[in-house]
Every structure is written in C-alpha cells, then in structure tokens.
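Trainee: next one to model:
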Amino acid sequence: MAVIEVQGLTKAYGDTLANDHLEFSIESGEIFGYLGPNGAGKSTTIRQLLGFQSPTEGTATIFGHDVRDDRALREAKARIGFLPGEPAFTPSVTGAELLDYQAALKGDERRDELLDLFTPPLDRQIREYSTGNKQMLGIVQAFMHDPDLLIMDEPTSGLDPLKQEAFHGFLRDERDRGKTVFFSSHILGEVRRVCDRVGIIRDGQLVTVEAVDELLARGGKQVRVHTADPVVEADFDVDGVVGFTSEGRQAQFTFAGDYNDLFAALSDHRLVDIEIDEPPIEEVFMHFYGGDDA
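Mentor: Below is the predicted model of the structure:
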C-alpha cells in the first residue's frame, strides 16, 4: 500500500483551480519532492492532505485513511510529522516550553538527538527568534516523536547553507531508516541532493512524476569539446545535439542522443579535451516552465 495516494484531488476557489485533478502516489521509504514556483499549488495540496482544507473533488489517502474522514485522519496523524511553510508558534513562550508542550501531546524520544543537529536557542522567547531559528525549532518538533511520514512545506526556508546541508543529510538518513518524506520546494538543487522521485506542478496541474535520474537523463548532458582544429555546427550533424555554440576550437552543446554517433562525428577531428556533465537541474525544470510550448 502506498503511504500517500492522491486520486483526482481538486481544489477550486471560484473559477480558479489551485489543484486540478492531481494523481500521484508516494511509496514507503522514499523522499518525494513536490516542485513548483510560488503559487503553483504546492501548499494547497499539503493543506488538503492534512485535512486543513476539504477537496472540491477527488480525495487522497494517508496510510489508507481517507483525508475527508476526520476520525480516520486523526489516527493517521499520530504517525505524521508536519513542518508548515511558516511555523506559527506562540511568540511569548520559549523554545523549550514549546517543545515540552509538543512532547506532552505526541512524545519526544528523539528530541536530544535532533537538538544536537539543529540548535534553536531554547531559553529565549520565540518572539526573539530569527527566521532560521524558527525553522530549526519547527524541524525538531516535526521529527522528535519519530514519525513514519514527514510532510514539509519549504523545509529549508531561512536555514543557512551549513544547516541546509545538515538537514539534507538527516533526510537521507531518515529514508535509510525506512521513513517516508514528502516535501514541497522551489529550490531545485534540493532535488538532486535528496529526492528519489519528483512531481512538478504548474498552475495547479501535475505535469510530470518521475525518478530524479530519469528527469535529468531526459534533459540530456552538457558536452564541452576542445579540438586541435576549429569546429562548426555542421561538424556535429548528429541527432540529439541541441544549443550548439562554438568559438574557434571549442564547442559546447546539450546532447541527448547516441554517444556512438557523437564519437563517430568527433573522429574527424583530433580531440584535445572533452567534458560531459549533467545539466543544471534548473535547465531541466525550465522544460516545464520555459514557455508556452515547453
């Protein structure tokens, strides 16, 4: 059974569809990234999964419990850790008081372990916290009861680069322990670092769900070639060459074809150097957002 199963999930605000008949599932023990720019419909999906908003059409299940059934969803929520996009903590309490309260509600067997990694100033009132400290406090409260499923909305917002990297490493460790992670983000580099699969949402519609490796492979590779003699585009008349540019004896292009054909074309030139790299994930993403015919 999938941990999360989304079936025709739709949320309308008047004539505007924030979510338009979404269909996807998330398996146990995977990190699933839910990507799109601000306003694409990511947070609306999360609010419906957690029962904060009711679907206009369709539904979803978490651990087999229908999100439209409040009683069943309460049972599922005992196994969920949630980090909202903008944690709304009571500003007059200290971080320690907030965690004590959460511990009384759901437990805190991993509290000390998490506080070794994420270090909000627990003795200070939350009103004095920076955005990063609020985010670290939110991460601790979301994970400290050792949930089976983590649902997070923009989890690295406000974290400095070192804490972001610590968080990504922590997520990978949690996956290796069998935990399931679903998080929304508009930070594309996070996909490459931590996700197993990704869903890309555009204007409320899910435009693709696929493995990260497959998504990157579909974008081709970046090739940079240095030859002993000048080259022009006609020298690389091979299927799969896109975006060719050259300057003297150096050329670069994106390649999504057969490498045997590419190296056959290169055999006409004395090769000085060649580099083949994955494209920036931003370029892959722009396939879905770069224009009307993307």
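Trainee: all contacts plus neighbour counts: C-alpha atoms, from now on.
Mentor: OK.
Trainee: now stretch 199-214: average pLDDT?
Mentor: Taken as a whole, stretch 199-214 has a mean pLDDT of 91.
Trainee: endpoints of it, how far apart?
Mentor: 12 Å (Cα to Cα, to the nearest Å).
Trainee: likewise stretch 154-161?
Mentor: 15 Å.
Trainee: so where do the strands sit in the stretch 1-150 of the chain?
Mentor: Assigned by DSSP state E, counting those that start in this stretch, the strands in the stretch 1-150 of the chain fall at 4-13, 16-26, 31-35, 57-62, 65-66, 80-83, 149-153.
Trainee: closest one to Asp268 among these?
Mentor: Within the strands of the stretch 1-150 of the chain, the stretch nearest Asp268 is strand 31-35; the backing value is 43.0 Å (Cα to Cα).
Trainee: tell me which of the strands of the stretch 1-150 of the chain sits most buried.
Mentor: strand 31-35 (a mean of 26; mean count of other Cα atoms under 10 Å).
Trainee: point out where this protein drops to low pLDDT.
Mentor: Filtered on pLDDT under 70, the chain yields the residue ranges 280-284, 286-287, 289-294.
Trainee: which parts of it are helices?
Mentor: 42-49, 70-77, 95-106, 111-117, 131-143, 161-176, 189-194, 212-218, 259-266, 281-289 (DSSP state H).
Trainee: how close does the residue nearest the centre of the chain sit to Asp15?
Mentor: Taking Cα atoms, centre = their mean, the centroid of the chain lies closest to Gly33, which sits 2.8 Å from it. Per Cα to Cα, Gly33 is found 28 Å from Asp15.
Trainee: now Pro147
Mentor: 37 Å.
Trainee: more neighbours: the two, which one.
Mentor: The neighbour comparison of Pro147 against Asp15 (other Cα atoms under 10 Å) goes to Pro147, with 17 against 6.
Trainee: OK, contacts around the more buried one?
Mentor: Residues counted as contacts of Pro147 (Cα atoms under 8 Å, 6 or more residues apart in numbering) are Ala78, Arg79, Ile80, Gly81, Lys179.
Trainee: would you confirm that Thr156 contacts Ala166?
Mentor: No. With contacts counted by Cα atoms under 8 Å, Thr156 stays clear of Ala166, the gap being 10.3 Å.
Trainee: quick one: which of those two has more around it?
Mentor: Relative neighbour count places Thr156 above the other of Thr156 and Ala166, with 22 against 13, counting by other Cα under 10 Å.
Trainee: ok, and the closest non-adjacent residue to that one?
Mentor: Gln164 (6.0 Å; Cα to Cα, 6 or more residues apart in numbering).
Trainee: what do you get for Val140?
Mentor: Val140's closest residue in space is Leu114 (Cα to Cα, 6+ apart), at 5.8 Å.
Trainee: for the one you found, give its distance to Leu149.
Mentor: Going from Leu114 to Leu149 by Cα to Cα gives 17 Å.
Trainee: please name the nearest non-neighbouring residue to Asp273.
Mentor: Nearest residue to Asp273 in three dimensions, chain neighbours excluded: His226, at 5.0 Å (Cα to Cα, 6+ apart).
Trainee: ok, that neighbour - contacts?
Mentor: The contact partners of His226, taken as Cα under 8 Å, 6+ apart, are Arg249, Gln250, Ala251, Leu271, Val272, Asp273, Ile274.
Trainee: partners of it in the sheet?
Mentor: Assessed by DSSP bridges, His226 has beta-bridge partners Gln250, Asp273.
Trainee: show me what contacts the closest residue to Asp203 other than its chain neighbours?
Mentor: Nearest residue to Asp203, sequence neighbours excluded (Cα to Cα, 6+ apart): Ala40, at 4.8 Å. Neighbouring residues of Ala40 by Cα under 8 Å, 6+ apart: Ala18, Ile201, Arg202, Asp203, Gly204.
Trainee: try 10 Å this time
Mentor: Ala18, Asn19, His186, Ile200, Ile201, Arg202, Asp203, Gly204, Gln205, Leu206 (Cα atoms under 10 Å, 6 or more residues apart in numbering).
Trainee: how many neighbours does the fourth one have?
Mentor: By the criterion of other Cα under 10 Å, Ile200 has 23 neighbours.
Trainee: I'm done for today, thanks for sticking with me.
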